[in-house]
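[1] pasting a predicted model and its sequence here:
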Amino acid sequence: MNRTIFITAAILGVLAIILGAFAAHGLKSLVSIESINTFETGVRYQMYHAFFLFIIANLNNLSERVKRLIYYFVIIGLIFFSGSIYGLSTNALTSFDFKSIGFITPIGGLFLIIAWVILLINFLKMGTDKS
């Protein structure tokens, strides 16, 4: 599982950099500043969670089951949250109306929150260091 998480984190990081550059340069003349800022929010959350996955893969005190849960919540959360933000912010450029699926953005955010809560609960279960 760690290898999968590392690879996914690296891919998410690379894509975040590419999408951030696209937002800064490619979208400049195509959409409004508000849309670019919205797009960059999706990029920021994607990059935060790429780092989060790197951390998860490096934690030896988490079970494989917990890592898998966090991994899937993050992936689904990013697809729903960042993916829908990318679509909504470039809505004017496509024939598909991304506003019709805008309701999945907060669902994606909730999935990202759940991933962090799972980590928190597992840290709390570990107890305190007695040394």
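    Nice, I can see it.

[2] and the closest residue to E40 other than its chain neighbours, what does it touch?
    In space, and not counting its chain neighbours, E40 is closest to A23: 5.3 Å by Cβ to Cβ, 6 or more residues apart in numbering. In short, each C-beta sits where N, CA and C put it, glycine included. Neighbour list for A23: I36, F39, E40, V43 [criterion: Cβ atoms under 8 Å, 6 or more residues apart in numbering].

[3] run a quick neighbour tally on the third one.
    Residues near E40, counting by other Cβ atoms under 10 Å, number 17.

[4] got any ranges where the chain has weak pLDDT?
    Applying pLDDT under 70 to the chain flags the ranges 128-131.

[5] repeat that with 50
    Scanning the chain for pLDDT under 50 picks out 131.

[6] mind jotting down where the helices sit in it?
    Per DSSP state H, the chain carries helices over the ranges 2-21, 33-58, 64-89, 104-126.

[7] so which bits of the shortest one are buried?
    I take that to be helix 2-21. Across helix 2-21, burial judged by 16 or more other Cβ atoms under 10 Å covers I5, T8, A9, L12, G13, L15, A16, L19, G20.

[8] how distant is stretch 73-81 from the center of its chain?
    Centre-to-centre, stretch 73-81 and its host chain are 6 Å apart (Cα atoms, centre = their mean, to the nearest Å).
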